[in-house]
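In: Model the following, please.
(chains A and B)
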2 protein chains.
Amino acid sequence: MTDISSLSMPALRGPVPLSHLFLHDFVRDGHTAVDATCGNGHDTLLLARLVGADGSVFGFDIQQQALIETGRRVAEAKLSNRVTLLLAGHENLAVHVTGPVQVVLFNLGYCPGGDRSIMTRPETTAIALEQALHLLAPGGIVLVTVYPGHNGGDEEGLAVENWAAGLDSRTCYSWRMGQTNVKPGAPYLLLVQKIL
Amino acid sequence: MTDISSLSMPALRGPVPLSHLFLHDFVRDGHTAVDATCGNGHDTLLLARLVGADGSVFGFDIQQQALIETGRRVAEAKLSNRVTLLLAGHENLAVHVTGPVQVVLFNLGYCPGGDRSIMTRPETTAIALEQALHLLAPGGIVLVTVYPGHNGGDEEGLAVENWAAGLDSRTCYSWRMGQTNVKPGAPYLLLVQKIL
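Out: Numbering: from 1, shown residues only, chains lettered A, B, ... in the order given. Purely as a prediction, here's the structure:
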């Protein structure tokens, strides 16, 4: 296999590297960013790098273990001072964060390597998305990686897609980005950009 | 309407600004890039800027008027020395360009403001796409903006989608990126990244 990293070209293998490309394009020094589902903390760490010393990142998870792992990762990179971790569901976004926020990131489903019975749920995800959109600065984006492959993941993905497709095109641009030469049930990315 | 440009955030209103985002991410100094359908030359000019003084751009169109307009635009920007314009259909890509190429860009349909009876055709587009993929460097991308709204545009788009969806996932990542809160028939973007 050719090592694309040696070419310094991002390899768009699935929605996660694609979402990282958007983070690099949209997050700048001094911005505020939210990781609504910290999981293992990889995305929180990337956001912490991108917002710079004057920016801030809020990371949410309902599992203590996820926050411990995320905190460890951020501390190792000596970026803890710009990261606030919250043991709370993402439906409490607006309780803890005041806007404007540049990016809100969601990874739906369960935490990789964690307890698979604990996963995001359509009802709370819907609340979180509305709050995220409200908090966004004009030009800012919500990124949602959907994993239809697990139990209930299909329905949750469709619920998010329907929400995004129903947004007023004068205030938001909603996108669906999926790989087409992969098996059905592969994860895909939803992007909503707030215009006003 | 909020002026997003003042925020220096790209506004993702349709596939063209989205494709420009990818061009900024993938094209670097010294690269070779191809605009397979010059049209009014906006994309050719952007590519000419992105490849830098040591890079080169090949622009194709079957309409002399499109090449005149593109040449004028590139000359005004004083970038003619890195751009080669070819009065030829994109199905002749491989005759005029030798790889490796970083990006090949297609805008299907007719030239905006030009003769609407002259448009890209599924048969020649298919040949051009195969050649483009062959010429790509590993990590490089083919970007296709599809306009299903015009006569025959639907079929041409589906033909390209089927081609992309049939590519071996060990050698290519194929993506479809479309806005979801717009009318049916809105343009969308296909992206194919070559891996090896």
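
In: Report how many residues lie close to A:Lys183.
Out: 8 (other C-beta atoms under 10 Å in any protein chain shown). Placement of C-beta: from N, CA and C, glycine included.

In: Run through who's touching the biggest strand by length in chain A.
Out: Counting residues, the longest strand found in chain A (DSSP state E) is strand A:136-146. With contact meaning C-beta atoms under 8 Å, 6 or more residues apart in numbering or on different chains, strand A:136-146 is reached by A:15-16, A:19, A:22-23, A:26, A:99-109, A:129, A:132-133, A:153, A:156-157, A:160-161, A:187-196, B:2, B:4, B:7, B:9, B:11.

In: what residues are up against the closest residue to A:Leu93 other than its chain neighbours?
Out: The shortest distance from A:Leu93 to any non-neighbouring residue, by C-beta to C-beta, 6 or more residues apart in numbering or on different chains, is to A:Gln131 (4.3 Å). A:Gln131 sits next to A:91, A:93-94 when contact means C-beta under 8 Å, 6+ apart.

In: now the one helix or strand A:Ile127 maps to, how far from the centre of its chain.
Out: Per DSSP states H and E, A:Ile127 falls inside helix A:122-135. Centre-to-centre, helix A:122-135 and its host chain are 12 Å apart (C-alpha atoms, centre = their mean, to the nearest Å).

In: Go through it and flag the buried ones.
Out: For helix A:122-135, burial by neighbour count (16 or more other C-beta atoms under 10 Å in any protein chain shown) applies to A:122, A:125-129, A:131-133, A:135.

In: For B:Ala75, state which of the residues you listed is nearest.
Out: Each of the buried residues of helix A:122-135 was scored against B:Ala75 by C-beta to C-beta, and A:Leu133 proved nearest at 44.5 Å.

In: And the pLDDT for the closest one?
Out: Listed pLDDT for A:Leu133 reads 97.

In: That one reaches A:Asp168, doesn't it?
Out: No - the criterion here is C-beta atoms under 8 Å, and A:Leu133 misses it with A:Asp168 at 10.9 Å.

In: and the closest residue to A:Asn181 other than its chain neighbours, how many neighbours?
Out: The shortest distance from A:Asn181 to any non-neighbouring residue, by C-beta to C-beta, 6+ apart, is to B:Ser174 (4.2 Å). Counted with other C-beta under 10 Å, residues neighbouring B:Ser174 total 23.

In: residue contacts, B:Ser174?
Out: Counting by C-beta under 8 Å, 6+ apart, B:Ser174 has contacts A:179-181, B:164-165, B:167, B:190-192.

In: In a markdown table: those, plus neighbour count.
Out: Converted to a markdown table, the contacts of B:Ser174 look like this (neighbours: other C-beta atoms under 10 Å in any protein chain shown):
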| residue | neighbour count |
| --- | --- |
| A:Gln179 | 25 |
| A:Thr180 | 19 |
| A:Asn181 | 18 |
| B:Ala164 | 23 |
| B:Ala165 | 15 |
| B:Leu167 | 17 |
| B:Leu190 | 26 |
| B:Leu191 | 24 |
| B:Val192 | 25 |
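
In: Let me see the contact set for A:His134.
Out: A:94, A:99.

In: Would you agree A:Leu191 falls within a strand?
Out: Yes - under DSSP: H, G, I helix; E, B strand; the rest coil, A:Leu191 sits within a strand.

In: That one and A:Asp25 touch, don't they?
Out: No - assessed by C-beta under 8 Å, A:Leu191 is found out of contact with A:Asp25, at 11.1 Å.

In: As PDB, could you dump the C-alpha coordinates of stretch A:142-150?
Out: Taking C-alpha atoms only, stretch A:142-150 is exported to PDB below (Å, rounded to 0.1, in the frame of the first residue of the first chain):
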ATOM      1  CA  VAL A 142     -21.600  21.300  12.800                       C
ATOM      2  CA  LEU A 143     -20.000  18.000  11.800                       C
ATOM      3  CA  VAL A 144     -21.800  14.700  12.500                       C
ATOM      4  CA  THR A 145     -20.200  11.300  11.800                       C
ATOM      5  CA  VAL A 146     -23.000   8.700  11.600                       C
ATOM      6  CA  TYR A 147     -22.400   5.000  12.100                       C
ATOM      7  CA  PRO A 148     -25.400   3.200  10.700                       C
ATOM      8  CA  GLY A 149     -23.800  -0.200  11.200                       C
ATOM      9  CA  HIS A 150     -24.700  -0.700  14.900                       C
END
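
In: gap between it and the chain center?
Out: 9 Å.

In: cool, stretch A:165-175 as well?
Out: Taking the mean of its C-alpha atoms, stretch A:165-175 sits 18 Å from the chain's own mean (C-alpha atoms, centre = their mean).

In: So which bits of it are buried?
Out: In stretch A:165-175, counting by 16+ other C-beta under 10 Å, buried: A:167, A:169, A:172-175.

In: okay if I get those as JSON lines plus pLDDT and secondary structure?
Out: Shown next, in JSON lines, are those (pLDDT from 0 to 100; DSSP: H, G, I helix; E, B strand; the rest coil):
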{"residue": "A:Leu167", "pLDDT": "97", "secondary structure": "coil"}
{"residue": "A:Ser169", "pLDDT": "95", "secondary structure": "coil"}
{"residue": "A:Cys172", "pLDDT": "96", "secondary structure": "strand"}
{"residue": "A:Tyr173", "pLDDT": "98", "secondary structure": "strand"}
{"residue": "A:Ser174", "pLDDT": "98", "secondary structure": "strand"}
{"residue": "A:Trp175", "pLDDT": "98", "secondary structure": "strand"}
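
In: Perfect, that will be all.
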